[in-house]
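**Student:** dropping a prediction and its sequence here:
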Amino acid sequence: MRLPCGEQNFASLRTENYAYVDKTQYVEMLENEHSKYHFFVRPRKFGKSLFVSMLSYYYDMLCADRFLELFGGLYIGDNPTPLKNSYAIMKFDFSGLDTSSPEMLTKSFEQNVNRTVIDFLGKYSSVFPKASELIARIKSHQEGIGSLYTAYGAAMEANVKIFVIIDEYDHFANDLIAMGVDDDYNQMIQASRLVRAFYETLKIGAKSVVDRIFITGISPVMLDNLTSGFNIAVILSMAERYNNMMGFTREEVEWLMDETGVDRDCINVDMEWYYNGYLFHKDATDRLYNPSMMLYFFSQIINERKVPESIIDPNLKTDYGRLQRLMQNEDNRDVLLQIVKDGGIVTAIQTAFHFDVLYDKNHFVSLLFYMGLLTIEKPGFGNFVRLCIPNYSIQTVFWEYIPKIVQERLAFTIDTAELDLSVQALALDGQAKPFIEYISRNIFRKLSKRDLRQFDEKYIKIMMLTSLFQSATYIPESETETDNGYIGVFLHRSPQMPEVKHEWIFEFKYLKASVKNIESYRLEAQAQLQAYSALPRMKESKNLKKAVILFVGKNKYKLYERGDTS
């Protein structure tokens, strides 16, 4: 079957020989919820648009004669619900709005609503006797949000119920965040009451003709703007039973590979480590793959018969560029550095928040979670959870920002020519000293006394990783958890660099210049290395080398390779 890269139309996918990972069991679950009005968010490229397309075709009264064609062989085809093909579908998509000014957003928002209602009346003209007359009136009067009442009247007259589906509900808010137009956001969303008025009108419709509503987007960043006017929707984003509704489980990835003919022999990387890891409820059992990441990866395998040179889809990486604006805030930069330094962060995930609080630590961290840059690692105390970076692909996104932060904080620059030579010595000659000497001379010796007061092994790792991420020679892992603790830094060869001969484990210690008993620290670090090297994963590594590095103050270091004491 064909790989469904970028395909968001459910009918096309089902009729043009695309593989479809069956998520239709969630239609039944949603229909059986006590509430009829649902709000659900997931990170970018997680399958939201395809899911709402599937909902549209399932409930559309005009698609009844295509039910077997579209849903035969799927869960919901074998287990249809009482409400299948019983609604007129009114589907909004708020991507592509003009956010250049408050006036243009207002105009484009109202035009979007107008256009959606006109399309709705036109589509169901066989159901609504006066559809042509109503469309002409909307066009001549440019009714904007008021056009919803025209649609309600038509549906009531025809005794038809409406299912409202809203995709990309927060797209324009995310654009405003990316552009940093704080004042414009407040003016457009708060002062003009534009969005609130729209949802208030939906709520009014829910009293009569709007029977079901499904809203999706990336984050709940606009929920506080909506709740006073639209407090009927139940938030299902963090419900354990809906953890797997979007995204691929490991079993679904295996099925997709079989159906589309992905040659497993061409895969020489750990897909789980690269792309898996997403968890949206602390008690959920399945960690998920981002569908867009997997389809990008598989398309490269099918077309090129090798893994892609770029780990993460460049299109997806561009989407994460909207984080750049939030990094202009010093507190947010501190949080990002803390996450990388500590391997994660403990927080209570906020279920709804407003644009104004995105520079508050807890709300900023929650936004990173909703964007897919962090995920749940494990439960914490009470409502708290520990969040972590979900996979190596997302680590590379963080390392777009970390080098600049670290270099500004510690006032050092990377000499790429010297760095490349030192990494080459690691990779081809199995010599750690040139790289450690580079770090010592170019970074440690430039630290001020103030820098040293808050210095520890974690900062060493950040600075070393800042340097190593500039090179494609290794894929560096930091704080990899094992039964014997956390490996300091593990450098394994990149699949794009098969000529790399040596892989490395580094264990670091940072000691104050006044420390006398250096030998005890060396023995402790070497014992840790010995335990790590006995792990099955390390035994599989070819030409694995180990080194203990003791940095003493800012002017000295001790390097011990292969367990020696030189």
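**Tutor:** Noted; the coordinates are in hand.

**Student:** for stretch 152-161, what is the average pLDDT?
**Tutor:** For stretch 152-161, mean pLDDT is 97.

**Student:** ok, and what's touching that stretch?
**Tutor:** 61, 86-88, 121, 124, 127-131, 134, 162, 205, 208-212 (C-beta atoms under 8 Å, 6 or more residues apart in numbering). Any C-beta I mention is one placed from the backbone N, CA and C, and that applies to glycine too.

**Student:** what do you get for stretch 505-513?
**Tutor:** By C-beta under 8 Å, 6+ apart, the surrounding residues in contact with stretch 505-513 are 432, 455-457, 459-461, 464, 487-491, 518, 521-522, 524-526, 528-529, 532-533, 538, 544-556.

**Student:** domains for the chain, by residue range?
**Tutor:** Following automatic domain parsing, the chain resolves into domains at 10-239, 247-394, 401-561.

**Student:** could you point out which element follows the lengthiest helix in the chain?
**Tutor:** Longest helix of the chain, by residue count under DSSP state H: helix 102-123. With elements assigned by DSSP states H and E, the helix or strand that comes after helix 102-123 is helix 131-141.

**Student:** could you measure S219 against K433, distance?
**Tutor:** To K433, S219 is 47 Å away according to C-beta to C-beta, to the nearest Å.

**Student:** wait, what's in contact with the closest residue to Q142 other than its chain neighbours?
**Tutor:** In space, and not counting its chain neighbours, Q142 is closest to N114: 6.4 Å by C-beta to C-beta, 6 or more residues apart in numbering. Neighbouring residues of N114 by C-beta under 8 Å, 6+ apart: I138, K139, Q142, E143, G144, S147.

**Student:** for burial, what's the neighbour tally of the first one?
**Tutor:** In other words, I138. The number of residues packed near I138 is 20, by other C-beta atoms under 10 Å.

**Student:** any idea how far T347 is from the closest residue to K378 other than its chain neighbours?
**Tutor:** Here the nearest residue to K378 in space, its sequence neighbours aside, is R386; by C-beta to C-beta, 6+ apart that works out to 5.3 Å. Per C-beta to C-beta, R386 is found 8 Å from T347.

**Student:** the more surrounded of the two?
**Tutor:** More crowded of R386 and T347, by other C-beta under 10 Å: T347, with 22 against 17.

**Student:** what pLDDT does that one get?
**Tutor:** T347 carries a pLDDT value of 94.

**Student:** over to E418?
**Tutor:** pLDDT recorded at E418 is 85.

**Student:** what's around it, how many residues?
**Tutor:** 15.

**Student:** mind checking how far the residue nearest to Q142 is from P102?
**Tutor:** Distance from N114 to P102, by C-beta to C-beta: 19 Å.

**Student:** now the helices: where do they sit in the stretch 351-500 of the chain?
**Tutor:** For the stretch 351-500 of the chain, helices defined by DSSP state H, counting those that start in this stretch occupy the ranges 361-371, 392-398, 402-410, 416-424, 433-442, 449-453, 457-468.

**Student:** would you format the ones you listed as JSON lines with distance to N243 included?
**Tutor:** Converted to JSON lines, these look like this (distance: least, C-beta to C-beta, whole Å):
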{"stretch": "helix 361-371", "distance to N243": "14"}
{"stretch": "helix 392-398", "distance to N243": "18"}
{"stretch": "helix 402-410", "distance to N243": "29"}
{"stretch": "helix 416-424", "distance to N243": "40"}
{"stretch": "helix 433-442", "distance to N243": "41"}
{"stretch": "helix 449-453", "distance to N243": "42"}
{"stretch": "helix 457-468", "distance to N243": "31"}
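
**Student:** among those, which is nearest M1?
**Tutor:** helix 392-398 (25.1 Å; C-beta to C-beta).

**Student:** and the closest one, what does it pack against?
**Tutor:** The contact analysis (3 or more C-beta pairs under 8 Å, 6 or more residues apart in numbering; DSSP states H and E) places helix 392-398 against helix 271-275, helix 330-342.

**Student:** one more time with 7 Å
**Tutor:** Helices and strands touching helix 392-398, by 3 or more C-beta pairs under 7 Å, 6 or more residues apart in numbering; DSSP states H and E, are helix 271-275.

**Student:** quick check: buried residues in the helix it packs on?
**Tutor:** Across helix 271-275, burial judged by 16 or more other C-beta atoms under 10 Å covers M271, Y274, Y275.

**Student:** could you export that helix as CSV, CA atoms only?
**Tutor:** Output in CSV follows, covering the C-alpha atoms of helix 271-275 (Å, rounded to 0.1, in the frame of the first residue of the first chain):
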residue,chain,number,x,y,z
MET,A,271,13.7,4.1,15.8
GLU,A,272,12.3,4.2,19.3
TRP,A,273,15.1,6.4,20.5
TYR,A,274,14.9,8.7,17.5
TYR,A,275,11.1,9.1,17.3
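
**Student:** run through who's touching that helix.
**Tutor:** By C-beta atoms under 7 Å, 6 or more residues apart in numbering, the residues outside helix 271-275 that reach it are Y289, N290, M293, M294, F297, I311, N391, Y392, S393.

**Student:** neighbour-wise, which of these leads?
**Tutor:** Neighbour counts for those (other C-beta under 10 Å) peak at N290, which has 29 neighbours.

**Student:** quick one: pLDDT of that one?
**Tutor:** 93.

**Student:** how close does the closest residue to G47 other than its chain neighbours get to L70?
**Tutor:** The shortest distance from G47 to any non-neighbouring residue, by C-beta to C-beta, 6+ apart, is to M246 (4.4 Å). As judged by C-beta to C-beta, M246 and L70 stand 19 Å apart.
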